[in-house]
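Engineer: Build me a structure from this.
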Amino acid sequence: MSNKTIAKLFEEAGDMAIAQIASMRDLQIKNIQADEIHSFVAARGHNVERMLRDDPDAGTTWAFLAVCAESKLIFSYRVGDRTGEEAIAFIEDVASKLRRAPDGSFATRPQLNTDGLRAYHEAIDQAFGLDADHGVLRKNYEKVLRGGKEVDGKYIGADRISRLGKPRAEDIHTSFIERQNLNLRQQNRRFTRRTNAFSKTLKNHERHLALWILYHNFCWLPYPNPTEVIEDGKLKTIWVKRDTAAMVAGLTDKLWEIEDILALTDAYTSAVRPRKVRKDKLLRIPPKPIEADPTLAPFWVYQPFKASKTCKVHAASCCNCRGGMGRNVNASGKDGSWFGFQTREEAEAEANLLKPGRVETCRMCLGERRKMAGINT
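Structural biologist: Numbers count the residues shown, from 1 in each chain. Model (predicted):
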């Protein structure tokens, strides 16, 4: 299949995933963990100056992610720089997706848990005010000398800090979102460390991230949980299957397949990108398949006059053949000739005589598309 076809399908599916995640609203989430993950677009930061053309999106890129600690649903993300402006836009998106009471307050008071990035402090204050609790996990590293500079070395522990409100101390950690970061790096090639599969544009980078989030939320089943039960007086360990994050969050009641994502892509593309029809085609009535006529040959061979083109075998009812009349009656015989036969074998044999080694079967009436539609030949 053409690589342009694959790229077009990816763009449509990626745009659908972006819209699908943006449409998540009215979520009742109590415990939220947020973190950021590093990647790059077009080139690594130290190689941007060596690029042949200027690209403002090239270099280091950060992706902010927010996950529900209970369901593991990733419900918000932001791709951009690791700055205060980007953090504010990210946290405001998180706040906009939570369920509100009639008076405008949050239906459930949320607790946000982040690392020690200072940009989160102003962002949470601006987006939530005093209507949320904020816990900070501040990681500590021993200082070492490298190249004459004092830098962070070995991790030696972390402090749990209640920065805003009264967050639950046992929930002040980022273990779940860090685990999702690991899943992202393992399952999305664009985020693998030391990779040559990086995105060439920021838009495609976001599309890949959104597609992975959609797959993770609706299609990916976590590893089963080991549970100890007593059977016949003996303690046994059984493995209990788990649901997808979207099922736990109540967004769906079934396990999605890839076909469901493709169906959503088709529906989204049809809604936002209506098919363009050329004006000259609006004046022409498209040819229709003819009814079965015993006086007509059931199979036809079209021999184009151009040596570079191939002979094609058609059924008489095909809209490209129409009993040897072709798609355009007025142009019939202008570019090639039609020959009728009683059996498909005779038609294929004659086509091989007309153009040895350059014979095709029409996919509309006898080939792959007919088989895909479930029509017996």
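
Engineer: per the record, what domains does the chain have?
Structural biologist: 3-271, 287-372 (automatic domain parsing).

Engineer: of all those domains, which has the lowest average per-residue confidence?
Structural biologist: Least confidently modelled of these is domain 287-372, at a mean of 77 by mean pLDDT.

Engineer: Any chance of TSV for the domains of the chain, columns mean neighbour count?
Structural biologist: All C-beta spots, glycine's among them, are computed from the backbone N, C-alpha and C. Listed next are those as TSV, based on neighbours: other Cβ atoms under 10 Å:
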stretch	mean neighbour count
domain 3-271	16
domain 287-372	16
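
Engineer: Just want the phi and psi numbers for Glu86.
Structural biologist: phi -70, psi -40 (degrees, to the nearest 10).

Engineer: so how far is Gly135 from the nearest residue to it once chain neighbours are set aside?
Structural biologist: Distance criterion Cβ to Cβ, 6 or more residues apart in numbering; nearest residue to Glu86, sequence neighbours excluded, is Gly80 at 4.2 Å. Using Cβ to Cβ, to the nearest Å, Gly80 is found at 24 Å from Gly135.

Engineer: Also Gly14?
Structural biologist: From Gly14 to Gly135 the distance is 34 Å (Cβ to Cβ).

Engineer: what's the answer for Phe299, then?
Structural biologist: In terms of Cβ to Cβ, Phe299 sits 75 Å off from Gly135.

Engineer: Same question for Tyr77.
Structural biologist: Counting by Cβ to Cβ - Tyr77 and Gly135 are separated by 21 Å.

Engineer: Over to Gly165?
Structural biologist: With Cβ to Cβ as the criterion, Gly165 and Gly135 are 9 Å apart.

Engineer: Arg242: what's it in contact with?
Structural biologist: Leu221, Pro222, Tyr223, Pro224, Asn225 (Cβ atoms under 8 Å, 6 or more residues apart in numbering).

Engineer: Can I get these in JSON lines including distance to Ser199 and secondary structure?
Structural biologist: Output for the contacts of Arg242, formatted as JSON lines (distance: Cβ to Cβ, whole Å; DSSP: H, G, I helix; E, B strand; the rest coil):
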{"residue": "Leu221", "distance to Ser199": "27", "secondary structure": "coil"}
{"residue": "Pro222", "distance to Ser199": "27", "secondary structure": "coil"}
{"residue": "Tyr223", "distance to Ser199": "29", "secondary structure": "coil"}
{"residue": "Pro224", "distance to Ser199": "34", "secondary structure": "coil"}
{"residue": "Asn225", "distance to Ser199": "35", "secondary structure": "strand"}
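
Engineer: which one among those residues gets closest to Cys319?
Structural biologist: Leu221 (44.2 Å; Cβ to Cβ).

Engineer: give me every residue that touches the closest one.
Structural biologist: Lys241, Arg242, Asp243, Thr244, Leu255.

Engineer: Spatially nearest residue to the last one (excluding sequence neighbours)?
Structural biologist: I take that to be Leu255. Leaving out its chain neighbours, the residue that sits closest to Leu255 by Cβ to Cβ, 6+ apart is Thr244, at 6.1 Å.

Engineer: And the one you found, how far from Glu85?
Structural biologist: Counting by Cβ to Cβ, the gap from Thr244 to Glu85 is 33 Å.

Engineer: remind me, longest strand of this structure?
Structural biologist: Under DSSP state E, the strand in the chain containing the largest number of residues is strand 149-164.

Engineer: residues in contact with that strand?
Structural biologist: 121, 124-125, 130, 132-145, 169, 172-173.

Engineer: Strands - which of those land there?
Structural biologist: 133-145.

Engineer: can you redo these as CSV with distance to Glu231?
Structural biologist: Output for the ones in strands among the contacts of strand 149-164, formatted as CSV (distance: Cβ to Cβ, whole Å):
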residue, distance to Glu231
Asp133, 42
His134, 45
Gly135, 41
Val136, 45
Leu137, 41
Arg138, 46
Lys139, 44
Asn140, 47
Tyr141, 48
Glu142, 50
Lys143, 55
Val144, 54
Leu145, 60
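
Engineer: I'd say the residue nearest to Leu255 and Leu214 touch.
Structural biologist: No: using Cβ atoms under 8 Å, Thr244 is not in contact with Leu214; the gap is 11.1 Å.

Engineer: Quickly note the distance from the spatially closest residue to Trp220 that is not a sequence neighbour to Leu264.
Structural biologist: Leaving aside its sequence neighbours, Trp220 sits nearest to Thr244 (Cβ to Cβ, 6+ apart; 6.4 Å). Thr244 sits 15 Å away from Leu264, going by Cβ to Cβ.

Engineer: Then Glu360 would be within a strand, right?
Structural biologist: Yes: assignment of Glu360 by DSSP: H, G, I helix; E, B strand; the rest coil places it within a strand.

Engineer: Double-check it against Pro304; I have them as touching.
Structural biologist: No: taking Cβ under 8 Å as the definition, Glu360 is not a contact partner of Pro304, at 11.0 Å.

Engineer: Which neighbours do those two have in common?
Structural biologist: Thr310, Cys311.

Engineer: quick one, helices of the stretch 201-350 of the chain?
Structural biologist: 202-218, 245-248, 258-272, 279-282, 344-354 (DSSP state H, counting those that start in this stretch).
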